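Asks: Next input, structure requested:
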Amino acid sequence: MNVFYSIEEARGKSDRTVCAVGNFDGVHLGHTGIFKKMKEESDKRGAETLIITFKRHPRSSLYPSESIKMLTLEDEKINAILSCGIDNVIIMDFSKETSQMSPGYFINNILIPSFNVVAIIAGYDHALGKNREGNIDHIKNITHGKLDVIEVQPYSIEGHPVSSSKIRSFITDGEMESASKFLGRFYSMSGKIIKGFGRGRQIGFPTANICVDENKIIPLDGVYAVYAGYNGKTYKGVLNIGSNPTFENQNRTIELHLLKFSKDIYDEVISVNFVSRIRGEIKFSSVDALITQINDDIIKAGELLSEDN
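Replies: Reported below is the predicted structural model:
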């Protein structure tokens, strides 16, 4: 399994490839269906699989003021794609120059000569090249039989096609069960533990304040039941996203309370898998009322989190 960071770096490294090009944010069930088809077709042809994807959402690269938060950051995306058994991944910047390439130029002058592409696998809504002109029919017309163009039908759940935009909507609405269903796994994020105000420890519930990449999509404010990964082990936890209105904080924070855990982990990196949103953020009338609610949240989290994880 190989990872490259430019077309130039990867050029000529494979004799024959079956290729897919796309953003693949989230690496969700729709994407894994494409990857499965790629592996089937590459096995038939004695070829390697090749994914070409981008570090950021193309729209964010072209229009920074319209920045789209990501389901998977660069390393997360690479690891998720490789875990699906893909042989080669090119993850590159989406530049203005890239956006102006016609589908014909990209395929006939770059893909075919650089990687000997024998088949392109594309989702039902695939659109490649300048002005998104390169849909399935267009690609077939411009390649003149030089390669096979194979369309993968949408993966639907309860009548809804799985898409990255739909999953982003679930997450911003706090609908983590639906996000997990469409992703095929828990939505996750990770970050370094930084010092906070220490209020959790003062009231008997020490928390780890997580600093998350600004490009990562953060769920709706509220309290969540989560699994946390630290130092190769998995722990149950309760996580709060918001401004802690009881203490009238100004900044949005992400605070994790690990159950049955007492170690100081400042400056360490921790990952979080979101299972379910327990409740929204509340401004309590007193600290005692907050403590009572936190105890209830811990009980609820224990009910939601199985003993198997």
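Asks: residues making contact with stretch 136-147?
Replies: If you take CB atoms under 8 Å, 6 or more residues apart in numbering as the criterion, stretch 136-147 is touched by 103-104, 107-108, 112, 117-120, 122, 124, 126, 128, 134, 149, 151. Heads up, the C-betas are built off the backbone N, CA and C, glycines and all.
Asks: 10 Å instead?
Replies: Residues outside stretch 136-147 that contact it (CB atoms under 10 Å, 6 or more residues apart in numbering) are 17-19, 102-108, 111-112, 116-120, 122-129, 132-134, 148-152.
Asks: Quick one: end-to-end distance for stretch 231-251.
Replies: 29 Å (CA to CA, to the nearest Å).
Asks: Now do the strands in this structure.
Replies: Per DSSP state E, the chain carries strands over the ranges 2-4, 17-21, 48-54, 88-92, 117-123, 148-152, 156-157, 160-161, 187-194, 208-211, 222-230, 233-242, 253-258, 269-279.
Asks: For the last one, name the packing helices and strands.
Replies: The elements that strand 269-279 packs onto, with contact taken as 3 or more CB pairs under 10 Å, 6 or more residues apart in numbering; DSSP states H and E, are helix 176-183, strand 187-194, strand 208-211, strand 222-230, strand 233-242, strand 253-258, helix 287-304.
Asks: just the angle between the fifth one and strand 269-279, please?
Replies: Here strand 233-242 points in a direction 60 degrees away from that of strand 269-279 (axes from the mean of the first three to the mean of the last three CA atoms, to 10 degrees).
Asks: what's the spacing between strand 233-242 and its chain's center?
Replies: Its chain's average C-alpha position is 19 Å from that of strand 233-242, according to CA atoms, centre = their mean, to the nearest Å.
Asks: From the contact counts, what lies against that strand?
Replies: strand 208-211, strand 222-230, strand 253-258, strand 269-279, helix 287-304.
Asks: same thing with the second one?
Replies: With contacts taken as 3+ CB pairs under 10 Å, 6+ apart, strand 187-194 sits against helix 74-82, helix 164-172, helix 176-183, strand 208-211, strand 222-230, strand 253-258, strand 269-279.
Asks: Could you give me the buried positions within it?
Replies: 187, 188, 189, 190, 191, 193 (16 or more other CB atoms under 10 Å).
Asks: what's the closest of those residues to residue 85?
Replies: Ranked by distance to residue 85 (CB to CB), those are led by residue 188 at 20.3 Å.
Asks: Tell me how this structure divides into domains.
Replies: 2-161, 186-304 (automatic domain parsing).
Asks: Redo the ones you listed as TSV? Include mean pLDDT and distance to residue 180.
Replies: Shown next, in TSV, are those (pLDDT from 0 to 100; distance: least, CB to CB, whole Å):
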stretch	mean pLDDT	distance to residue 180
domain 2-161	88	10
domain 186-304	88	5
